[in-house]
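S.K.: Next input, structure requested:
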Amino acid sequence: MHIVICIKQVPDSAHIRVHPVTNTIMRQGVPTIINPYDLFALEEALRLRDVHGGEITVLTMGPPMAEDALRKALTYGADRAVLLTDRYFAGSDTLATSFALSQAIAKIGETFGKPDIVFTGKQTIDGDTAQVGPGIAKRLDLVQLTYVAKIGVVDFEAREIAVERRSEGGTQMLKSKLPCLVTMLEGTNEIRRGMLDDALRAARSEIVKWSATDAGIEDLMKCGLRGSPTVVKRVFAPTARAEKAARIDTTDKSPRDLADELIAEIFTRQPSMEHELAFNGGA
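M.R.: Residues are numbered from 1 along each chain as shown. Reported below is the predicted structural model:
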């Protein structure tokens, strides 16, 4: 079994500031972390390896400093780390990022063995698009299982995987053929504590570093700013809400009366909701 996990080094959202003049995110001096959503994917991959054996390769695209995130992933127990770094990747949007990562995953398959499962987090906290995982799946012609809440039975002999997927209508139980790409939801597990042996191994491990040429990328026009049609017009911090929470006195009120009062207060604040519920037969 071979699992590839795509992670991203992102600014710690607790320390992000927006420049008052340029309206861009100020990254200088901001500590970086592994994208929290990616840790759920990493833990799920580690659990599969605990049961079925095999290898886990962690992949990221970024500047040389992104090596720190890869070493952190190795301390959790990943077997191998690949850093895709090149000036050609600077300014990549989700389209260019998914292209570069898909090319790197194909190269990983040629070098270390084809992956049975590719994991990503649902999204990143600095982009919040949730587009890179599906973009990779499309480029590699993989079945994509998005918003996965739980991995069920994985049968590597039959080449099948069963998952629980969250949707607007509830939970879907899906079965798919391998290989596939899985994007993990938040809160599905908790990343384990790394073992001392893994921490020592991570410190001395050699990170595989690939340029665009090393990864076999021939069309550099699809990378970086040149391959990114997305244009960010403005980045801004949301205005703080001035409206205060309403206080409702619950003294000597029955549950029914309290419920009626709460519903009436909601409809007062959101008058369109009452009409929508009535129109849909939910009132």
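
S.K.: as a whole number, average confidence for whatever helix or strand residue 102 lives in?
M.R.: Using DSSP states H and E, residue 102 sits in helix 94-112. The pLDDT scores in helix 94-112 average 96.

S.K.: next helix or strand past it?
M.R.: Going down the chain from helix 94-112, the next helix or strand is strand 117-121, by DSSP H and E.

S.K.: for the very next helix or strand once past that next one, packing partners?
M.R.: As assigned by DSSP H and E, the chain's next helix or strand after strand 117-121 is helix 132-140. Secondary-structure packing of helix 132-140 (3 or more C-beta pairs under 8 Å, 6 or more residues apart in numbering; DSSP states H and E): strand 2-6, helix 94-112, strand 117-121, strand 143-155, strand 180-184. The way it works is simple: take the backbone N, C-alpha and C, and place the C-beta from them, glycine included.

S.K.: for helix 132-140, which positions count as buried?
M.R.: By neighbour count on 16 or more other C-beta atoms under 10 Å, the buried set for helix 132-140 is 132-137, 139-140.

S.K.: now stretch 4-13
M.R.: Within stretch 4-13, the residues that count as buried by 16+ other C-beta under 10 Å are 4-11.

S.K.: Among these, find me the one that's closest to residue 111.
M.R.: residue 4 (11.4 Å; C-beta to C-beta).

S.K.: Run a quick check on the closest one versus residue 108, I expect a contact.
M.R.: Yes: judged on C-beta atoms under 8 Å, residue 4 makes contact with residue 108 at a distance of 5.9 Å.

S.K.: what touches both of the two?
M.R.: By the contact definition C-beta atoms under 8 Å, 6 or more residues apart in numbering, residue 4 and residue 108 are jointly contacted by 57, 59, 115.

S.K.: Let me know the secondary structure of the second one.
M.R.: It refers to residue 59. With DSSP: H, G, I helix; E, B strand; the rest coil as the basis, residue 59 sits in strand.

S.K.: count of residues packed around it?
M.R.: By the other C-beta atoms under 10 Å criterion, the neighbourhood of residue 59 contains 26 residues.

S.K.: what does the first one give?
M.R.: Other residues near residue 57 number 25, with proximity taken as other C-beta under 10 Å.

S.K.: Quick one: residues contacting it.
M.R.: With the criterion set at C-beta under 8 Å, 6+ apart, residue 57 makes contact with 2-5, 78-82, 108, 112, 115.

S.K.: Highest neighbour count among those?
M.R.: Within these, most neighbours by other C-beta under 10 Å means residue 4, with 29 neighbours.

S.K.: Now do residue 10, the pLDDT please.
M.R.: pLDDT, residue 10: 89.

S.K.: cool, residue 21 as well?
M.R.: Value listed for residue 21 in the pLDDT field: 67.

S.K.: cool, residue 278 as well?
M.R.: pLDDT recorded at residue 278 is 68.

S.K.: please begin residue numbering at 26 from this point
M.R.: Happy to do that; since the first residue is 26 now, the last one works out to residue 303.

S.K.: picking up where we left off before, specify which member of the buried residues of stretch 29-38 is nearest to residue 175.
M.R.: Nearest to residue 175 among these is residue 30, at 17.4 Å by C-beta to C-beta.

S.K.: if I read this right, that closest one contacts residue 105, doesn't it?
M.R.: No: Residue 30 is beyond contact range of residue 105, at 10.5 Å (criterion: C-beta under 8 Å).
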